[in-house]
Structure formats: structure tokens, C-alpha cells
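Prediction below, plus the sequence it came from.
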Amino acid sequence: QVRLVESGGRLVQAGDSLRLSCAVSGQTLSSFIMGWFRQAPGKQREFVAAISWSSDSPWYGDAAKGRFTIARDIAKNVGFLQMNRLTPEDAATYYCAISLDGAITAPSSYSYWGRGTQVTVSS
């Protein structure tokens, strides 16, 4: 079994930056995709970014391009989502997840999920 724990979410002001973390524990995985998704109240879960754990290749959703950066620390088994120039539209619960089949953007392709971390952005 794989366990994911997100952290770093909090209340920030518009224009601020925030770094989210996702700690991976449990079963050892060598090749997978770590994705970040977000969900605001009343909205569907939205793909934010993903990274290949083995190759370090990143992918970004439209909302993240140019403002967010995804990274990972293999030695510490932690993934990161650096978010810059936050706006109130970025407010949501942010989830990290793991896909074992190579899929990138579809939430249904991810097998393991964290419980989420709340990001609130005041205007």
C-alpha cells in the first residue's frame, strides 16, 4: 500500500507564493507519475501538474503554466508544487496522487490519493 500526505496549504494573499509538499511512504515504487489536482467547492477535480518520478519530466495544466513548478526529491520521497502569483481562482483543496499506468491528466487513472491540503487566497 502507498500513503500520500500533503502539506503546506494555508491562507495567503493574492500575489503570494506557496509551496506544497507530498510525502510518499509505504510500498516502494520505482516508476510512477505523481500528479497534483485541485478541487474547489462545486467544481470538478482539475489537473494541475504532474511529474515522472524516474525521468523528472513535468506536465502542466493550463492554470499552472507559467506560474507553478512541479518537482520531486527522490532521496526524501517527497514531491513539491511551487505556486507563484496566486489568485483567488487558485483557492481549492490540493491533492497529490500517483498513477502507475503512465496516464497524466485523468483523475481516474490515479491509484493512490492523499487527503488534500487547503489553499485559500484572499483578494
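Yep, it's here. Numbers count the residues shown, from 1 in each chain.

Now the residue positioned nearest the centre of the chain: closest residue in space, sequence neighbours ignored.
Relative to the mean C-alpha position of the chain, the nearest C-alpha, by C-alpha atoms, centre = their mean, is the one of W36, at 2.4 Å. In space, and not counting its chain neighbours, W36 is closest to V48: 4.3 Å by C-beta to C-beta, 6 or more residues apart in numbering. No exception for glycine: its C-beta is placed from N, CA and C like everyone else's.

helix or strand for the one you found, which one?
When secondary structure is defined by DSSP states H and E, V48 falls within strand 46-52.

which residues sit against the next helix-or-strand element following that strand?
Using DSSP H and E, the helix or strand that follows strand 46-52 in sequence is strand 58-60. Under the contact criterion C-beta atoms under 8 Å, 6 or more residues apart in numbering, strand 58-60 has outside partners 48-52, 68-70, 104-105.

again, 6 Å this time
When contacts are taken as C-beta atoms under 6 Å, 6 or more residues apart in numbering, the neighbours of strand 58-60 outside the stretch itself are 49-51, 70, 104.

Please indicate which of those are buried?
49-51, 70, 104 (16 or more other C-beta atoms under 10 Å).

Output these in JSON lines; the columns should cover distance to Y60 and pLDDT.
Compiled in JSON lines, the buried ones among the contacts of strand 58-60 are given as follows (distance: C-beta to C-beta, whole Å; pLDDT from 0 to 100):
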{"residue": "A49", "distance to Y60": "5", "pLDDT": "98"}
{"residue": "A50", "distance to Y60": "8", "pLDDT": "98"}
{"residue": "I51", "distance to Y60": "10", "pLDDT": "97"}
{"residue": "I70", "distance to Y60": "7", "pLDDT": "98"}
{"residue": "I104", "distance to Y60": "10", "pLDDT": "92"}
